[in-house]
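J.: sequence first, then the predicted structure, then my questions.
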Amino acid sequence: MEQFQLTVIGGGPGGYSAALRGAALGLKTLLVERENLGGTCLNHGCIPTKSLLHSASLYRKFREASIFGISAGEISFDYGKIHQRKCAVVGNLAEGLERLLKSSGVTVWRGQAELLSAKRGRVHLPGAEQGNFGTEKLIIATGSSEVVPSVPGVNLPGVLYSREALALSELPASIAVIGGGVIALEMASIFASFGVSVTIVQRSILLRREDREMVRRLTPYLRRQGIKIMTGTALREISACREGGLALTVAGARGEERLVAEKVLVAVGRRPAFGGLDLAAMGINHSERGIETDAQMATSVAGVYAVGDVTSPGYFLAHTAMHQGIAAAENSAGGSVSFSGRAIPGCIFTSPELARVGLTEEEATERGIAVKVGKFPFGANGKAFLQGEGDGVVKIIADSENGTVLGMHILGPHASALIQEGTLAVASKTKVSDLVGLIHPHPTLSETIWEASLAVFGMPLHLQL
């Protein structure tokens, strides 16, 4: 049995970040991963979707090139090559991660982990071999899996989940997307950009955790891309069509309807995955919502930590998992690092992008906080206008009593990058007046944040209220 000071189970963003930090702190570290290093994010989520979305964005820009005086001739795409590039990107990053772990001194075992106690375990390695290990500290980072709804026909051929959809090397003529969350909208945007007929079927509302005004503003842009959106519509059944493809029976305000699509993508959410570990036998407090942890990411068993999607409440964000993994590794080495979760940015890579940090206007109202709101449209921003990217708006929510920034929401070009100013503002409890006094370079998209800050006080410079 090989002895380690730190063992991490799960090689996704939370797990590999914990392993890298543990090794950097001088701990003899073991990382166990049963599939591919990088987890869902690198292999079947964040990275492949953004690769496809980048190709889709380029395709849109080339089609609109004549607006900028550029003649590009007949524009077409080869989805097979787009798929190949996506695979190459994932492969390159995965190889880079493997090299980084090796050079950092992290031992990697590939196989199914089994815990015998908080201090001992074994890994079922390929070829029926077993690797036994002892460990002083343990971090569980087993991630999450997709939710499979209890609907007849969800296992039929042609019904896909995000992993299978991202593996397609040819586009379907049509696809029905079940769900209205981040994954559903990003995948719908990818397919629609390449001319696939897309219908979203969502039993409630789109992006239920986001600011309602921002979702209302995003929805027309999605429809303008040809995406049909059916909210308040429940999926009853999926069946095979005699003429080919799949038939969906759905029920909404107009009663039952029948939809037909070549493929169906089920994207109704994710849930914690415990990686086959017997947590109950170890005495680790958990529920179907995940493993319970404190601010130091410690579980109910001494010396055992949990990070990422497997924890409760689950943020289901790679960047959150990374920071939790670092905190757990620091504490495994004797530190005292807390994860607050106070200012966590979230980004949705639709077109335009939607990003948020802090409270929505609805959340502030529910907490009884009186707020002032400032908004500024990208269409009134010089840089956005000259780039032909005037869709969207910046919205700042501030405490009306003390002027503190409570939340920032950005719908527009490069929202995923711009939101970091809001993240810093929310995390440091910055006042809106401080954002007003902060000089933003001209001409840049960041000026929209400055103007939205001015709008909180009713005096944006380049907009008549």
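T.: Cool, got the structure.
J.: got the contact list for the closest residue to D399 other than its chain neighbours?
T.: Of all residues not flanking D399 in the chain, L406 sits nearest, at 5.7 Å (Cβ to Cβ, 6 or more residues apart in numbering). For the C-beta atoms, the positions are set from N, CA and C on the backbone; glycine is no exception. By Cβ atoms under 8 Å, 6 or more residues apart in numbering, the contact list for L406 reads G358, L359, A364, I369, V371, I397, A398, D399, V426.
J.: and the nearest residue in space to K50 that is not next to it in sequence, how many residues sit next to it?
T.: Setting aside the residues directly before and after it, K50 is nearest to F349 in space (Cβ to Cβ, 6+ apart), at 6.2 Å. Residues contacting F349 under the criterion other Cβ atoms under 10 Å number 23.
J.: surely F349 and S416 touch.
T.: Yes - with contact defined as Cβ atoms under 8 Å, F349 counts as touching S416 (6.7 Å).
J.: for the stretch 351-465 of the chain, which segments are assigned as helices?
T.: All helices of the stretch 351-465 of the chain, identified by DSSP state H, counting those that start in this stretch, fall at 361-366, 382-386, 415-427, 432-437, 447-456.
J.: quick one, helices of the stretch 201-350 of the chain?
T.: Counting by DSSP H, counting those that start in this stretch, the helices of the stretch 201-350 of the chain are 212-224, 279-282, 318-332.
J.: export the first one to PDB, keeping only CA atoms.
T.: Listed next in PDB are the C-alpha coordinates belonging to helix 212-224 (Å, rounded to 0.1, in the frame of the first residue of the first chain):
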ATOM      1  CA  ARG A 212     -36.100  38.600 -15.100                       C
ATOM      2  CA  GLU A 213     -35.700  41.800 -17.000                       C
ATOM      3  CA  MET A 214     -32.400  40.600 -18.500                       C
ATOM      4  CA  VAL A 215     -34.000  37.300 -19.600                       C
ATOM      5  CA  ARG A 216     -36.900  39.200 -21.100                       C
ATOM      6  CA  ARG A 217     -34.300  41.300 -23.100                       C
ATOM      7  CA  LEU A 218     -32.400  38.200 -24.200                       C
ATOM      8  CA  THR A 219     -35.400  36.200 -25.400                       C
ATOM      9  CA  PRO A 220     -36.100  38.300 -28.500                       C
ATOM     10  CA  TYR A 221     -32.500  38.000 -29.600                       C
ATOM     11  CA  LEU A 222     -32.800  34.200 -29.400                       C
ATOM     12  CA  ARG A 223     -36.000  34.300 -31.400                       C
ATOM     13  CA  ARG A 224     -34.300  36.500 -34.000                       C
END
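J.: next one: that helix to chain centre, how far?
T.: 19 Å (Cα atoms, centre = their mean, to the nearest Å).
J.: tell me what angle that helix forms with helix 415-427.
T.: Counting by axes from the mean of the first three to the mean of the last three Cα atoms, to 10 degrees, helix 212-224 lies at 180 degrees to helix 415-427.
J.: what of the last one?
T.: Using the same axes, to 10 degrees, one finds that helix 318-332 and helix 415-427 are set 50 degrees apart in direction.
J.: got the contact list for helix 318-332?
T.: Under Cβ under 8 Å, 6+ apart, the answer for helix 318-332 is 5-6, 8, 12-19, 21-22, 25, 27, 41, 45-46, 136-137, 139, 141, 296-298, 305-309, 311, 315, 337-339, 341, 344-345.
J.: so which of those sit within strands?
T.: Residues of the contacts of helix 318-332 located in strands (DSSP state E): Q5, L6, V8, E136, K137, I139, Y305, A306, T311.
J.: pretty sure V432 contacts G403?
T.: Yes - V432 is in contact with G403 according to Cβ under 8 Å; the separation is 5.1 Å.
J.: show me what the helix or strand encompassing F62 is packed up against.
T.: Remark: F62 resides in helix 46-63, with elements defined by DSSP states H and E. When contacts are defined as 3 or more Cβ pairs under 8 Å, 6 or more residues apart in numbering; DSSP states H and E, helix 46-63 packs onto helix 79-103, helix 162-166, helix 182-193.
J.: would you turn the helices of the stretch 351-465 of the chain into TSV with distance to K228 and mean pLDDT?
T.: Shown next, in TSV, are the helices of the stretch 351-465 of the chain (distance: least, Cβ to Cβ, whole Å; pLDDT from 0 to 100):
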stretch	distance to K228	mean pLDDT
helix 361-366	26	97
helix 382-386	28	97
helix 415-427	24	98
helix 432-437	39	98
helix 447-456	30	98
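J.: give me the mean pLDDT for the one helix or strand N43 maps to.
T.: Here N43 sits within helix 39-44, counting by DSSP H and E. For helix 39-44, mean pLDDT rounds to 97.
J.: please identify the buried residues of stretch 432-442?
T.: For stretch 432-442, burial by neighbour count (16 or more other Cβ atoms under 10 Å) applies to V432, L435, V436, H440.
J.: ok, now stretch 382-396?
T.: Under 16+ other Cβ under 10 Å, the buried positions of stretch 382-396 are K383, A384, Q387, E389, G390, D391, G392, V393, V394, K395, I396.
J.: any idea which of the helices of the stretch 351-465 of the chain is most buried?
T.: helix 447-456 (a mean of 24; mean count of other Cβ atoms under 10 Å).
J.: in stretch 163-176, which residues are buried?
T.: For stretch 163-176, by 16+ other Cβ under 10 Å, it's A165, L166, L171, P172, S174, I175, A176.
J.: now the terminal residues of it, how far apart.
T.: For stretch 163-176, the first-to-last residue distance is 16 Å (Cα to Cα, to the nearest Å).
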